[in-house]
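Asker: Return a 3D structure for these sequence lines:
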Amino acid sequence: MRVLLVTGRLAYPVVKSVAGKAADVIMLDIGVAAFVTPKLLEEAIKDKAEDYDLVLVTGLSSSDFSGLENKLGVKIRLGPKHAFDIPLALQYADKIEFSHKVSACQLLANIKRENAIKDYERLEEEAAPEFMLKGVKIGWTSTMKVMAEVVDATKLSDVDLIKKIDSYASADIIDLGVPLDSTPEAVMHAVKVARSATFKPISIDTLIPEYIEAGIEAGANMVLSLNGSNIDMIGNLIAEKDIPAVVIPDDETLESLCVNIQKCKDIGIEHIVADPVLSPVGHGAVESLERYIDFRKEHAGMPLFFGVGNITELIDADSIGVNALLAGFAMELDASILFTTEHSQKAINSADELKKACMMMALAKERKGPVKDLGIDLLVIKEKRPRKDLIEPGRVIEAKRHEWMTDPKGSFNIFIDNGTIYAKNGDITIAGKDAGPIMHTIIDRGLVSRLDHMGYLGAELMKAELAIRFNRTYLQDDRF
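Answerer: Residues are numbered from 1 along each chain as shown. Coordinates of the predicted model:
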């Protein structure tokens, strides 16, 4: 395919460099390519349009080139917004139809993501599991599943329990953590409420036999966990009901884990998930990974439980990268279930992060390549590649503050709740998901009269929007 790239003076050297021999490049008599107009473009390419199958203008352009496209008889579409995405666009130039309105980089990102999700769904559909857990494939060639714990589930009100379960939309299995001071009645009630709130499998998380029995009676689909303290008392019931169980060691040794697994097998428990126990960083994390490696060497086919939450909850670092890395370790260990909690604020959204990480690992494993350029990623703060805005600064003026004056129209209290931004001025409260529409409504209703107040509100509303996007709290006038 013959492709012509259109750019301005500032970006020309970069565009020419990244395009190489894959496309021709023409420089228009403008500084910034985003300002290209149909008239300007027509003058530049009218004598050479027939030499090309596709003309790409910068994705930053707001002009409509569809009329010129019809006039010249050549496709004129939006390319990437940034020069460094040009090679990818050229790679797909003869495979997809670029748009008049959507930049090529966004179009390609959407296509790659859709293809990645389809590939992941195909992998899971074709997978052969070790066993099924209420319709969810566990182990063998199936993809890793995410189990999300509701901490102290029996202490929550029904409404709060349902809200927490709903927040785990990305999880495959819902785990109900049971505190020591609970009761069998409270366990039964929590399991019944959970079953009414979701179709996902429910696991009961306790070592106390009475609580496990109550959970099974109420309809729990899995038991977490069995060890030497409870196998003899509750193991027969689990075998009789044919319920999968996570088995842990008594003393975090491989020998103890193997002994407990054999006990479970001897009494007829068929579906066992082994948990060598992942230790927190600073308390034997590397040693625990060695246990996983040694166990996997001896038990190639047995499903493995990987307690990611043991690390994410006990390290003051953003959970996104931690979850991604641990999911990678789990993939190499051929783990089946990744366990997490969102008990602390810093771990919020871990279930979603882990699920996406599991998808990434499955795709990378199937494609036999690194965990990059898959179509889905966990890049939230940092960027994959730099974006350079080539603008001539003109005359530079040093920024200075001026004395703040109260707006006669009054002040605003800004806060967020459940994913919504609220801006309160007297008896009026404006609510929305994005900063822009809220600011527009404030202006349209005449609730602000000073330009500096408008600027302040715009900045605070954007901080509130970013807080929602990054699952953070927001407090007006606090540093973000």
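Asker: In terms of secondary structure, what does the helix or strand hosting Val246 contact?
Answerer: Following DSSP states H and E, the helix or strand that holds Val246 is strand 245-247. Helices and strands touching strand 245-247, by 3 or more Cβ pairs under 8 Å, 6 or more residues apart in numbering; DSSP states H and E, are strand 222-226, helix 254-266, strand 272-274. For the C-beta atoms, the positions are set from N, CA and C on the backbone; glycine is no exception.
Asker: I'd like to know which of the ones you listed is closest to Ser142.
Answerer: strand 272-274 (12.6 Å; Cβ to Cβ).
Asker: List the buried residues in that closest one.
Answerer: Ile272, Val273, Ala274 (16 or more other Cβ atoms under 10 Å).
Asker: Next: stretch 369-381.
Answerer: Applying a neighbour-count criterion of 16+ other Cβ under 10 Å, one finds Val371, Leu374, Gly375, Ile376, Asp377, Leu378 buried in stretch 369-381.
Asker: do stretch 62-81 as well
Answerer: By 16+ other Cβ under 10 Å, the buried positions in stretch 62-81 come out as 63, 65, 68-69, 72, 74-81.
Asker: If you count residues, where's the longest helix of this structure?
Answerer: helix 104-126 (DSSP state H).
Asker: Packing partners of that one?
Answerer: When contacts are defined as 3+ Cβ pairs under 8 Å, 6+ apart, helix 104-126 packs onto helix 86-91, helix 350-367.
Asker: ok, now which ones touch the residue nearest the centre of the chain?
Answerer: Compute the mean C-alpha point of the chain, and by Cα atoms, centre = their mean the closest residue is Glu353, 4.3 Å away. By Cβ atoms under 8 Å, 6 or more residues apart in numbering, Glu353 lies in contact with Ser319, Ile320, Asn323, Ala324, Leu378.
Asker: residues contacting the third one?
Answerer: With contact set as Cβ under 8 Å, 6+ apart, Asn323 has these partners: Val308, Thr312, Thr340, Ser350, Glu353, Leu354, Ala357, Leu378.
Asker: next one: the second one
Answerer: When contacts are counted by Cβ under 8 Å, 6+ apart, Ile320 is found next to Glu353, Leu378, Val380, Ile381.
Asker: before we move on, back to that, report the buried residues of the helix or strand that the longest helix of the chain is followed by.
Answerer: Moving toward the C-terminus from helix 104-126, the next helix or strand (DSSP H and E) is strand 131-133. For strand 131-133, the neighbour count (16+ other Cβ under 10 Å) marks Phe131, Leu133 as buried.
Asker: Could you do stretch 466-473 as well?
Answerer: By 16+ other Cβ under 10 Å, the buried positions in stretch 466-473 come out as Ala467, Ile468, Asn471.
Asker: What of stretch 278-290?
Answerer: Quick answer for stretch 278-290 (16+ other Cβ under 10 Å): Leu278, Ser279, Pro280, Ala285, Ser288, Leu289.
Asker: Just the buried residues of the helix or strand containing Ile238, please?
Answerer: Under the criterion of DSSP H and E, Ile238 resides in helix 231-241. For helix 231-241, the neighbour count (16+ other Cβ under 10 Å) marks Ile231, Ile234, Gly235, Leu237, Ile238, Ala239 as buried.
Asker: repeat for stretch 423-442
Answerer: Ala423, Asn425, Ile430, Gly432, Ala435, Ile438, Met439, Ile442.
Asker: coming back round to it: need the buried residues of stretch 62-81 in CSV with distance to Ser196, can you?
Answerer: Formatted as CSV, the buried residues of stretch 62-81 follow (distance: Cβ to Cβ, whole Å):
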residue, distance to Ser196
Ser63, 55
Phe65, 55
Leu68, 60
Glu69, 56
Leu72, 63
Val74, 60
Lys75, 55
Ile76, 56
Arg77, 51
Leu78, 49
Gly79, 52
Pro80, 49
Lys81, 47
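Asker: Those residues in helices, which ones?
Answerer: If you go by DSSP H, the buried residues of stretch 62-81 have Leu68, Glu69, Leu72 in helices.
Asker: can you pull the pLDDT of the last one?
Answerer: Right, the one you point to is Leu72. In this model, Leu72 is scored at 95, pLDDT.
Asker: For Val15, see how far away the nearest residue to it once chain neighbours are set aside is.
Answerer: Spatial nearest neighbour of Leu72, chain neighbours left out: Ala49 (4.2 Å); criterion: Cβ to Cβ, 6 or more residues apart in numbering. According to Cβ to Cβ, to the nearest Å, Ala49 and Val15 sit 19 Å apart.
Asker: Specify which residues of the stretch 151-300 of the chain, grouped into ranges, have pLDDT under the cut-off.
Answerer: Along the stretch 151-300 of the chain, no part satisfies pLDDT under 70.
Asker: ugh, wrong one, the stretch 351-480 of the chain
Answerer: 387-392.
Asker: change it to 80
Answerer: 385-393 (pLDDT under 80).
Asker: That one: strands as residue ranges?
Answerer: Ranges of strands within the stretch 351-480 of the chain are 413-417, 420-425, 428-432, based on DSSP state E, counting those that start in this stretch.
Asker: Contacts for the second one next, please.
Answerer: Counting contacts by Cβ under 8 Å, 6+ apart, the residues outside strand 420-425 that touch it are 409-416, 429-435, 438, 442, 447, 457, 461, 464-465, 468.
Asker: coming back round to it: so of the contacts of Ile320, which ones are in helices?
Answerer: Among the contacts of Ile320, DSSP H puts Glu353 in helices.
Asker: okay, the contacts of Ile320 in CSV with distance to Ala34 next?
Answerer: Putting these into CSV (distance: Cβ to Cβ, whole Å) gives the following:
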residue, distance to Ala34
Glu353, 35
Leu378, 30
Val380, 27
Ile381, 26
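Asker: quick check, nearest of the contacts of Ile320 to Arg9?
Answerer: For those, the nearest to Arg9 is Ile381 (33.0 Å; Cβ to Cβ).
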